[in-house]
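>>> Provide a 3D model corresponding to the input given below.
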Amino acid sequence: MPTIKDFGGFRLFMYFGDHNPPHIHIVGVDFEAKMRLSDQSLLAGTLSGKVERQAKDYVLSNLEDLMARWYEYNDQ
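Below is the predicted model of the structure:
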């Protein structure tokens, strides 16, 4: 499970061999969620507004790289 970004209070991960749709896992001390890469919607879990904004901003700014990683990690 490679760490994509560490924000201090939470981290973004991708799993090898994960299921579609392409997404990231957002994990903090007391929360966990999954965010779709294509539209930054939450697939599972809940986040505070601040964490969700930071994660969305990161995904939007790095979407091309994140999609490339998704396909590399998931052989698609």
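
>>> quick one: the helices in the protein?
Using DSSP state H, the helices of the chain run over 49-61, 63-74.

>>> Just the buried residues of the last one, please?
What it means is helix 63-74. 66, 69, 70, 73 (16 or more other CB atoms under 10 Å). Using the backbone N, CA and C atoms, a C-beta is placed for each residue, glycine as well.

>>> Give me the residue at the spatial middle of the chain.
residue 24 (2.3 Å; CA atoms, centre = their mean).

>>> coming back round to it: tabulate the helices of the chain (TSV), appending mean pLDDT.
Shown next, in TSV, are the helices of the chain (pLDDT from 0 to 100):
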stretch	mean pLDDT
helix 49-61	96
helix 63-74	93
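
>>> Indicate which one of those helices is closest to residue 15.
Of all those, helix 63-74 sits nearest to residue 15, with 7.4 Å by CB to CB.

>>> Run the angle between that closest one and helix 49-61 for me.
Orientation of helix 63-74 against helix 49-61 (axes from the mean of the first three to the mean of the last three CA atoms, to 10 degrees) gives an angle of 90 degrees.
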